[in-house]
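J.: I'd like to go over a predicted model; first the sequence, then the structure.
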Amino acid sequence: MTQSLTTHKILTLLTLTLASPMVLAHSGHDHSDPLSGLIHLLWIAPVVLAAGYAVFAIRRANRIKSTEK
């Protein structure tokens with residue numbers, strides 16, 4: 001249970017860090033453009049998908065390992 005809670009905290013922190021609109025913004029970074037949200041979503045989507053897949057793969061490996069005992 002504590003490992004799951006720790007994983008949940010890490011994923012929450014990672015999501016909040018990457019989803020923040022002020023992260024790594026520079027003076028030429030225009031957030032007023034109507035397509036800026038879509039552009040950011042397309043940029044961050046592979047990172048979120050990779051993290052989700054990693055969590056899925058780790059949980060699946062742990063589940064398989066625990067059923068073999």
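T.: Structure's in. What do you need? Residues are numbered from 1 along each chain as shown.
J.: only C-alpha atoms for contact and neighbour calcs from this point on.
T.: Fine.
J.: secondary structure element holding the closest residue to residue 18 other than its chain neighbours?
T.: Excluding its sequence neighbours, the residue lying closest to residue 18 (CA to CA, 6 or more residues apart in numbering) is residue 44, at 7.6 Å. Using DSSP states H and E, residue 44 maps to helix 36-68.
J.: and the most centrally placed residue in the chain, how close does it get to residue 40?
T.: The residue lying closest to the centre of the chain (CA atoms, centre = their mean) is residue 48, at 3.9 Å. For residue 48, the distance to residue 40 equals 12 Å [CA to CA, to the nearest Å].
J.: returning to that earlier point: quick check: closest non-adjacent residue to the residue nearest to the centre of the chain.
T.: residue 15 (7.9 Å).
J.: let me know the angle separating the host helix or strand of the one you found from helix 36-68.
T.: Assigned by DSSP H and E, residue 15 falls within helix 2-19. Angle, helix 2-19 to helix 36-68, by axes from the mean of the first three to the mean of the last three CA atoms, to 10 degrees: 170 degrees.
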